[in-house]
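# Got a predicted structure plus its sequence, pasted below:
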Amino acid sequence: MARTCLMDAQFRLDDHGVHCRLLNGLQDGTTTLLAEWAGRHRPNIAEQLPSYVIEAAIEWRALRDRRRA
């Protein structure tokens, strides 16, 4: 029921062009919790990425943080 209500709220916001980062996070957490209760586990995409992609992302974030400081 909770997931259905969250999806409805998200679709209504999307229809009006409003994007809510917090609602996206809540939807993600709810979906993960329900999947775990059903005996399924969320796939970890980091295990599928090549190491050079992960290293590039870490370097990019460090550069971005230095520019913001």
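Looks like it arrived, so ask away.

# isn't H41 right next to A35, touching?
Yes - using CB atoms under 8 Å, H41 is in contact with A35, at 7.2 Å. (C-beta placed from N, C-alpha, C; glycine too.)

# which one of the two has more residues nearby?
A35 (12 against 8; other CB atoms under 10 Å).

# Provide the count of other residues in contact range of the closest residue to R42 other than its chain neighbours.
With CB to CB, 6 or more residues apart in numbering as the criterion, R42 has its nearest non-adjacent residue at 5.2 Å, and that residue is T32. Per other CB under 10 Å, the neighbour tally for T32 reads 13.

# Which of the three states applies to T32?
Here T32 is recorded as helix under DSSP: H, G, I helix; E, B strand; the rest coil.

# Okay, buried residues for the helix or strand containing L22 please.
Element membership for L22 (DSSP states H and E) is helix 21-37. By neighbour count on 16 or more other CB atoms under 10 Å, the buried set for helix 21-37 is Q27.
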